[in-house]
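1. for reference, the sequence and a predicted model appear below.
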Amino acid sequence: MGKRSVMGFIVVLVAVLCLQPVFAQGGKEAAATADMPYKGQTLTISMWGYNMDLLVKNVLKPFEDTYGVKIVTETGNNSDRFTKLAARKENPIVDVAYFAGTWAYEAMKQGLIQPYDPAKIPNLANIIEPAKDPLGGRYAVGYTIQHLGLFYRTDKVAPLTSWKDLSRTELKGFLSIPGITTTYGPAIVYMLSKAWGGDFSNTEVGWQKIAELAPSLVTAYNNSSELNALVIQEEVYAAPYTSFSWGNIKASGFPVASVIPEEGLVGSFSVASVVKGTKNEDLAHLFIDHLLSYEVQMAEAMDLVDSPVHTGVKLPAEIGENLTYGDELIAKLHFFDEGDTAALQADWIARWNKIFSK
C-alpha cells in the first residue's frame with residue numbers, strides 16, 4: 001500500500017472513530033425521546049399564584065424534569081381565570097384548570113371543562129373517595145382538601161369561639177373577610193347564617209350580618225396573599241383564613257392562634273380539570289395524575305401548602321396540626337353543595353356589590 005493510500009486509510013479511520021460517539025449519543029438521545037414521549041411539548045395550566053415558589057419546587061419543576069415538558073402558568077383568582085377561559089372557549093390555550101368547586105361547577109355547566117378518563121389517572125385509586133369525583137360526571141378531581149377557619153392575634157384580641165365573634169366591637173377596623181367572588185366568599189354567608197340564625201339555609205340572616213360587618217372591615221380580601229400582607233402590616237387582627245395560608249400567617253412573626261368555632265369549619269376541595277378542547281389531552285391527564293402522586297402530596301403537605309387527599313400520606317403531628325388533617329378536625333367540616341352555591345352566585349355577587357358600594 002502506497003504512502004498516499006496509507007494516509008487516506010488513516011484519515012478515514014480517524015473520521016469513523018470520531019463519529020462513533022456522535023452516533024452513540026444520537027442513539028442515546030433517541031432512546032430518551034422514546035422514554036419521554038412528551039419531551040419538548042408545552043402544557044399550560046390555569047392556577048392560583050399563591051405559594052408559587054413552593055408550587056414550582058414541589059409540583060411544576062419535578063413534572064418538567066420527569067417528562068421533559070415546559071409548563072406555562074396563567075395565574076389569578078377564580079373569577080378572573082374563569083372569565084379568560086370562557087372568552088377562549090372556542091380556541092382554548094389552557095390545558096388544565098384549577099378551580100374552587102363552585103367555579104368548576106360553573107365551568108362544567110358552560111362546557112369549559114371535559115370529563116376525565118379514569119384509566120389515564122391511576123393515582124385515583126390512592127385518594128379519598130369524596131375527592132375522586134366531587135362534581136359528578138368525572139369533571140374534576142379534588143387534589144387537596146382545605147378548610148376555612150378563624151384566626152386572631154392573641155396579644156390584641158380575646159379568644160374567638162364562634163363565628164358571631166366577628167361582630168365584636170373590639171374588631172372594628174381590624175377585621176377582614178374574603179370577598180364574595182373568592183373560593184370561600186359564599187361560605188361566610190352560610191356560616192353567619194348558622195351562627196346567628198341557627199341554620200345554614202337561613203341566609204337572609206347571614207346577609208343582614210354581612211351588611212352590619214361591612215363598616216367594620218379594613219377591606220374584603222380578594223386572595224390569601226392580600227390577607228397575609230394585611231397581617232404583616234398589622235392592619236388585621238382577626239379574620240377567616242384558608243388552611244393553605246396558615247403557614248404564611250404564622251410566619252408573620254406575630255402571636256396568632258387558629259380556632260375551631262362552635263359552629264364548625266367550612267370544608268372544600270380545590271379541584272383540577274381537563275379543559276375542553278385541549279390539544280394536549282393525554283399530557284393534561286398525566287399532570288393531574290402527577291398532582292395526586294404520593295411524592296407531590298407529601299411535599300406539598302410538609303411545606304404547609306396543600307393538605308393531602310392521598311391516603312398513604314402520614315404526617316408528623318407538628319405538620320398535621322397546621323393543615324386540614326386529622327379525624328377531629330375533619331369531623332368539624334361542613335361541605336356545601338357546589339351546584340346550589342353556583343346557582344346563587346350571580347344574585348349574591350350583585351347583592352354583595354350593593355352592600356359594599358355604599
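-> Right, received. Where do you want to start? Numbering: from 1, shown residues only.
2. which parts of this structure are strands?
-> With DSSP state E applied, the chain shows strands at 42-47, 70-75, 96-100, 113-114, 141-153, 175-178, 217-221, 238-242, 256-259, 265-275, 333-334, listed in chain order.
3. where's Ser225 relative to Ala299, distance?
-> Note on Ser225: its distance to Ala299, by C-beta to C-beta, to the nearest Å, is 21 Å. (Each C-beta comes from the backbone N, C-alpha and C, glycine too.)
4. who touches Ala241 in this structure?
-> That one is not Ala; residue 241 is Tyr. Residues counted as contacts of Tyr241 (C-beta atoms under 8 Å, 6 or more residues apart in numbering) are 148-151, 224, 227, 249, 258.
5. neighbour-wise, give me the winner out of these.
-> Neighbour counts for the contacts of Tyr241, by other C-beta atoms under 10 Å, peak at Leu227, which reaches 25 neighbours.
6. tell me which residues touch that one, please.
-> 176, 178, 221, 236, 239, 241, 245, 249.
7. cutoff 6 Å now
-> With contacts taken as C-beta atoms under 6 Å, 6 or more residues apart in numbering, Leu227 has the following neighbours: Tyr221.
8. then Val72?
-> When contacts are counted by C-beta under 6 Å, 6+ apart, Val72 touches 42, 44.
9. for stretch 290-308, the distance to its chain's centre please.
-> 11 Å (C-alpha atoms, centre = their mean, to the nearest Å).
10. pLDDT on that stretch, on average?
-> The pLDDT scores in stretch 290-308 average 96.
11. for that stretch, C-alpha coordinates in PDB please.
-> Written as PDB, here are the backbone C-alpha positions of stretch 290-308 (Å, rounded to 0.1, in the frame of the first residue of the first chain):
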ATOM      1  CA  HIS A 290     -48.700  13.700  39.000                       C
ATOM      2  CA  LEU A 291     -50.600  16.100  41.200                       C
ATOM      3  CA  LEU A 292     -52.200  13.100  43.100                       C
ATOM      4  CA  SER A 293     -48.900  11.200  43.500                       C
ATOM      5  CA  TYR A 294     -47.600  10.400  46.900                       C
ATOM      6  CA  GLU A 295     -44.400  12.400  46.300                       C
ATOM      7  CA  VAL A 296     -46.200  15.600  45.400                       C
ATOM      8  CA  GLN A 297     -48.900  15.200  48.100                       C
ATOM      9  CA  MET A 298     -46.300  14.600  50.700                       C
ATOM     10  CA  ALA A 299     -44.000  17.500  49.600                       C
ATOM     11  CA  GLU A 300     -46.900  20.000  49.500                       C
ATOM     12  CA  ALA A 301     -48.100  18.900  52.900                       C
ATOM     13  CA  MET A 302     -44.600  19.100  54.500                       C
ATOM     14  CA  ASP A 303     -44.300  22.700  53.200                       C
ATOM     15  CA  LEU A 304     -47.700  23.600  54.600                       C
ATOM     16  CA  VAL A 305     -49.100  24.400  51.100                       C
ATOM     17  CA  ASP A 306     -51.800  21.800  50.500                       C
ATOM     18  CA  SER A 307     -53.500  19.200  52.700                       C
ATOM     19  CA  PRO A 308     -53.300  15.700  51.300                       C
END
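12. what comes up buried for that stretch?
-> Within stretch 290-308, the residues scored as buried using 16 or more other C-beta atoms under 10 Å are 290-293, 296-308.
13. about what we covered before: possible to save the strands of the chain as TSV with distance to Leu60 and mean pLDDT?
-> Rendered in TSV, the data for these read as follows (distance: least, C-beta to C-beta, whole Å; pLDDT from 0 to 100):
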stretch	distance to Leu60	mean pLDDT
strand 42-47	8	98
strand 70-75	5	98
strand 96-100	11	96
strand 113-114	20	98
strand 141-153	14	96
strand 175-178	26	98
strand 217-221	25	97
strand 238-242	21	96
strand 256-259	29	96
strand 265-275	13	96
strand 333-334	29	94
